[in-house]
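Trainee: fold the following.
(2 chains)
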Amino acid sequence: EAGVAQSPRYKIIEKRQSVAFWCNPISGHATLYWYQQILGQGPKLLIQFQNNGVVDDSQLPKDRFSAERLKGVDSTLKIQPAKLEDSAVYLCASSLYRTSGNEQFFGPGTRLTVL
Amino acid sequence: DAKTTQPTSMDCAEGRAANLPCNHSTISGNEYVYWYRQIHSQGPQYIIHGLKNNETNEMASLIITEDRKSSTLILPHATLRDTAVYYCIAMNPFNQGGKLIFGQGTELSVKP
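Mentor: Residues are numbered from 1 along each chain as shown, chains lettered A, B, ... in the order given. Below is the predicted model:
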(Lines give C-alpha, C1' and ligand atoms only; values in the text may rest on other atoms or scores of the structure.)
Protein backbone atom coordinates (compact mmCIF):
# COMPACT_ATOMS: atom_id res chain seq x y z
CA GLU A 1 0.00 0.00 0.00
CA ALA A 2 1.28 3.46 -0.86
CA GLY A 3 2.29 5.62 2.08
CA VAL A 4 1.62 9.26 2.88
CA ALA A 5 3.06 11.48 0.16
CA GLN A 6 4.36 15.00 0.76
CA SER A 7 5.85 17.64 -1.46
CA PRO A 8 8.14 19.40 -1.75
CA ARG A 9 10.75 17.59 0.34
CA TYR A 10 12.82 20.73 0.84
CA LYS A 11 12.05 24.44 0.60
CA ILE A 12 14.18 27.50 1.24
CA ILE A 13 12.52 30.92 1.39
CA GLU A 14 13.24 34.35 2.79
CA LYS A 15 11.32 35.76 5.73
CA ARG A 16 8.03 37.43 4.87
CA GLN A 17 7.59 35.20 1.80
CA SER A 18 4.78 32.68 1.58
CA VAL A 19 5.04 28.91 1.17
CA ALA A 20 2.67 25.97 0.73
CA PHE A 21 3.05 22.29 1.48
CA TRP A 22 1.00 19.48 0.00
CA CYS A 23 -0.02 16.14 1.50
CA ASN A 24 -1.74 13.10 0.01
CA PRO A 25 -2.82 10.67 2.75
CA ILE A 26 -3.18 6.92 2.51
CA SER A 27 -6.28 6.01 0.51
CA GLY A 28 -9.33 5.65 2.71
CA HIS A 29 -7.85 7.37 5.76
CA ALA A 30 -10.41 9.83 7.06
CA THR A 31 -8.18 11.59 9.58
CA LEU A 32 -5.29 13.81 8.51
CA TYR A 33 -2.79 15.62 10.73
CA TRP A 34 -0.15 18.30 10.21
CA TYR A 35 2.77 18.47 12.65
CA GLN A 36 5.65 20.90 13.03
CA GLN A 37 8.99 19.50 14.21
CA ILE A 38 11.66 21.98 15.23
CA LEU A 39 15.21 20.64 15.31
CA GLY A 40 15.89 18.67 18.50
CA GLN A 41 12.23 18.49 19.54
CA GLY A 42 9.39 16.02 19.09
CA PRO A 43 6.66 16.77 16.54
CA LYS A 44 3.92 19.20 17.61
CA LEU A 45 0.39 18.88 16.27
CA LEU A 46 -0.75 21.93 14.32
CA ILE A 47 -4.10 20.81 12.96
CA GLN A 48 -6.23 17.68 12.68
CA PHE A 49 -8.92 17.04 10.06
CA GLN A 50 -11.67 14.43 10.13
CA ASN A 51 -12.69 14.11 6.48
CA ASN A 52 -12.76 17.77 5.44
CA GLY A 53 -13.74 19.20 8.83
CA VAL A 54 -11.32 20.59 11.42
CA VAL A 55 -11.23 18.61 14.69
CA ASP A 56 -8.40 20.46 16.46
CA ASP A 57 -6.48 23.56 15.39
CA SER A 58 -5.68 24.89 18.85
CA GLN A 59 -1.90 24.94 18.20
CA LEU A 60 -2.11 26.50 14.72
CA PRO A 61 -0.81 30.12 14.61
CA LYS A 62 -3.83 31.34 12.70
CA ASP A 63 -2.42 34.80 12.00
CA ARG A 64 0.04 33.27 9.53
CA PHE A 65 -0.78 29.57 9.10
CA SER A 66 -3.76 28.15 7.24
CA ALA A 67 -4.72 24.66 6.14
CA GLU A 68 -7.44 23.12 4.07
CA ARG A 69 -8.51 19.66 3.07
CA LEU A 70 -10.68 19.84 0.01
CA LYS A 71 -12.97 16.88 -0.71
CA GLY A 72 -11.63 15.11 2.37
CA VAL A 73 -8.53 13.77 0.64
CA ASP A 74 -5.46 15.94 -0.14
CA SER A 75 -4.47 18.75 2.15
CA THR A 76 -2.45 21.95 1.86
CA LEU A 77 -0.70 23.84 4.66
CA LYS A 78 0.25 27.45 3.98
CA ILE A 79 2.43 29.95 5.81
CA GLN A 80 2.05 33.63 4.96
CA PRO A 81 4.21 35.52 5.82
CA ALA A 82 6.98 33.23 7.03
CA LYS A 83 9.17 34.05 10.03
CA LEU A 84 12.62 32.78 10.92
CA GLU A 85 11.15 30.65 13.73
CA ASP A 86 9.04 28.73 11.19
CA SER A 87 12.15 26.85 10.08
CA ALA A 88 11.25 23.24 10.81
CA VAL A 89 10.16 19.95 9.28
CA TYR A 90 6.44 19.83 8.51
CA LEU A 91 5.03 16.35 8.79
CA CYS A 92 1.74 15.06 7.49
CA ALA A 93 0.12 11.94 8.93
CA SER A 94 -3.10 10.03 8.35
CA SER A 95 -5.03 7.39 10.23
CA LEU A 96 -7.94 5.02 9.77
CA TYR A 97 -10.23 5.08 12.76
CA ARG A 98 -10.57 1.59 14.22
CA THR A 99 -12.06 0.19 17.40
CA SER A 100 -8.63 -1.06 18.50
CA GLY A 101 -7.01 2.33 18.26
CA ASN A 102 -5.82 4.34 15.32
CA GLU A 103 -2.12 4.36 14.64
CA GLN A 104 -0.92 7.27 12.57
CA PHE A 105 1.14 6.85 9.40
CA PHE A 106 3.58 9.66 8.71
CA GLY A 107 4.97 11.03 5.49
CA PRO A 108 8.66 11.90 5.00
CA GLY A 109 8.10 15.56 5.81
CA THR A 110 9.00 18.86 4.18
CA ARG A 111 12.08 20.61 5.54
CA LEU A 112 11.53 24.39 5.51
CA THR A 113 14.40 26.82 5.93
CA VAL A 114 13.51 30.50 6.38
CA LEU A 115 16.42 32.90 5.81
CA ASP B 1 -3.40 13.35 28.26
CA ALA B 2 -0.96 11.88 30.78
CA LYS B 3 2.64 13.05 30.75
CA THR B 4 5.34 10.44 30.10
CA THR B 5 8.96 10.40 31.25
CA GLN B 6 11.74 8.64 29.36
CA PRO B 7 15.54 8.57 29.64
CA THR B 8 17.19 10.96 27.23
CA SER B 9 19.50 8.37 25.67
CA MET B 10 20.48 4.71 25.79
CA ASP B 11 23.03 2.47 24.14
CA CYS B 12 22.58 -1.14 23.11
CA ALA B 13 24.90 -3.70 21.54
CA GLU B 14 23.86 -5.10 18.20
CA GLY B 15 22.07 -8.44 18.57
CA ARG B 16 21.17 -7.83 22.19
CA ALA B 17 17.74 -6.92 23.52
CA ALA B 18 16.99 -3.21 23.89
CA ASN B 19 14.74 -2.40 26.84
CA LEU B 20 13.33 1.13 26.75
CA PRO B 21 11.50 2.27 29.90
CA CYS B 22 8.69 4.80 30.18
CA ASN B 23 6.95 6.24 33.24
CA HIS B 24 3.33 7.36 32.97
CA SER B 25 2.22 7.53 36.60
CA THR B 26 -0.79 9.80 35.88
CA ILE B 27 -2.24 7.67 33.10
CA SER B 28 -6.04 7.46 33.15
CA GLY B 29 -8.12 4.34 32.63
CA ASN B 30 -9.03 5.06 29.03
CA GLU B 31 -5.53 6.01 27.88
CA TYR B 32 -3.44 3.56 25.91
CA VAL B 33 0.36 3.49 25.81
CA TYR B 34 1.68 4.07 22.30
CA TRP B 35 5.25 3.74 21.07
CA TYR B 36 6.57 5.42 17.94
CA ARG B 37 10.12 5.76 16.68
CA GLN B 38 11.78 8.24 14.37
CA ILE B 39 14.81 7.31 12.36
CA HIS B 40 16.98 10.23 11.33
CA SER B 41 15.46 12.32 8.50
CA GLN B 42 12.29 10.23 8.38
CA GLY B 43 8.78 10.68 9.75
CA PRO B 44 7.78 8.87 12.94
CA GLN B 45 6.82 5.21 12.61
CA TYR B 46 4.21 3.42 14.71
CA ILE B 47 5.61 0.45 16.66
CA ILE B 48 3.02 -0.90 19.09
CA HIS B 49 0.34 0.08 21.57
CA GLY B 50 -1.45 -1.46 24.54
CA LEU B 51 -3.96 -0.78 27.29
CA LYS B 52 -3.08 -3.14 30.14
CA ASN B 53 -2.11 -6.50 28.70
CA ASN B 54 1.34 -7.18 27.33
CA GLU B 55 1.48 -6.95 23.56
CA THR B 56 3.80 -8.37 20.91
CA ASN B 57 4.07 -7.83 17.19
CA GLU B 58 6.71 -8.37 14.54
CA MET B 59 8.63 -5.30 15.63
CA ALA B 60 8.60 -5.35 19.42
CA SER B 61 7.03 -6.34 22.71
CA LEU B 62 5.32 -4.00 25.13
CA ILE B 63 5.27 -4.84 28.84
CA ILE B 64 2.90 -2.76 30.96
CA THR B 65 3.04 -2.98 34.77
CA GLU B 66 -0.06 -4.13 36.59
CA ASP B 67 -0.69 -0.66 38.02
CA ARG B 68 -0.15 0.82 34.52
CA LYS B 69 2.20 3.47 35.86
CA SER B 70 5.11 2.36 33.70
CA SER B 71 5.93 0.28 30.66
CA THR B 72 8.90 -1.13 28.78
CA LEU B 73 9.38 -1.46 25.04
CA ILE B 74 11.54 -4.44 24.14
CA LEU B 75 13.35 -4.84 20.83
CA PRO B 76 14.42 -8.48 21.16
CA HIS B 77 17.43 -8.46 18.82
CA ALA B 78 18.48 -4.89 18.12
CA THR B 79 20.13 -4.10 14.79
CA LEU B 80 21.94 -0.99 13.60
CA ARG B 81 18.75 0.01 11.76
CA ASP B 82 16.96 0.30 15.11
CA THR B 83 19.03 3.39 15.94
CA ALA B 84 16.36 6.07 16.34
CA VAL B 85 14.49 8.29 18.78
CA TYR B 86 11.77 6.31 20.56
CA TYR B 87 8.66 8.09 21.83
CA CYS B 88 6.31 6.78 24.50
CA ILE B 89 2.89 8.47 24.46
CA ALA B 90 -0.21 8.00 26.62
CA MET B 91 -3.33 8.76 24.64
CA ASN B 92 -7.04 7.98 24.35
CA PRO B 93 -7.41 7.08 20.68
CA PHE B 94 -11.18 7.39 20.83
CA ASN B 95 -11.16 11.00 21.93
CA GLN B 96 -11.65 12.91 18.68
CA GLY B 97 -9.47 10.43 16.79
CA GLY B 98 -6.55 10.65 19.17
CA LYS B 99 -3.96 13.36 19.63
CA LEU B 100 -0.29 12.40 19.85
CA ILE B 101 1.72 14.64 22.16
CA PHE B 102 5.39 13.91 21.55
CA GLY B 103 7.96 14.54 24.28
CA GLN B 104 11.72 14.45 23.84
CA GLY B 105 11.84 10.66 23.56
CA THR B 106 14.79 8.31 24.11
CA GLU B 107 17.62 8.38 21.62
CA LEU B 108 18.67 4.75 21.19
CA SER B 109 22.08 4.06 19.69
CA VAL B 110 22.70 0.48 18.61
CA LYS B 111 26.43 -0.16 18.40
CA PRO B 112 28.28 -2.94 16.55
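
Trainee: residue nearest the centroid of chain A?
Mentor: What sits nearest the mean C-alpha location of chain A, by Cα atoms, centre = their mean, is residue A:34, with 2.7 Å.

Trainee: next, work out how far apart the residue lying closest to that residue once chain neighbours are set aside and chain B are.
Mentor: In space, residue A:34 comes closest to residue A:46 once its chain neighbours are excluded; the distance is 4.6 Å by Cβ to Cβ, 6 or more residues apart in numbering or on different chains. (Glycine included, C-beta is placed from N, CA and C.) With the distance defined as Cβ to the nearest Cβ, to the nearest Å, residue A:46 ends up 11 Å from chain B.

Trainee: so which residues on chain A come close to chain B?
Mentor: Applying Cβ under 8 Å from any Cβ of the partner chain, we find that chain A lies next to chain B at A:4, A:31, A:33, A:41-45, A:48, A:50, A:55-56, A:91, A:93, A:95, A:97, A:101-109.

Trainee: how about residue A:103, nearest residue that isn't a chain neighbour?
Mentor: When the adjacent residues along the chain are set aside, residue A:103 lies closest to residue B:46, with 3.9 Å between them (Cβ to Cβ, 6+ apart).

Trainee: now for residue A:44: which residues touch it?
Mentor: Neighbouring residues of residue A:44 by Cβ atoms under 8 Å, 6 or more residues apart in numbering or on different chains: A:35, A:36, A:37, A:38, A:59, B:102.

Trainee: pretty sure the fifth one contacts residue A:46?
Mentor: Spelled out, it's residue A:59. Yes: shown here, residue A:59 and residue A:46 form a contact pair, counting by Cβ atoms under 8 Å, at 5.6 Å.

Trainee: of the two, which one has the most company?
Mentor: Set side by side, residue A:59 and residue A:46 give different neighbour counts by other Cβ atoms under 10 Å in any protein chain shown, the larger being at residue A:46 (20 against 15).

Trainee: isn't the more buried one right up against residue A:77?
Mentor: Yes: under the criterion of Cβ under 8 Å, residue A:46 makes contact with residue A:77 at 7.3 Å.

Trainee: so what's in contact with the two at the same time?
Mentor: Here residue A:46 and residue A:77 share the contacting residues A:34, A:65, A:67, scored by Cβ under 8 Å, 6+ apart.

Trainee: looking at the residues you listed, which are in helices?
Mentor: Secondary structure assignment (DSSP state H) places none of the shared contacts of residue A:46 and residue A:77 within helices.

Trainee: for these, which one is nearest chain B?
Mentor: Sorting those by how near they are to chain B, with Cβ to the nearest Cβ, puts residue A:34 at the top with 11.9 Å.
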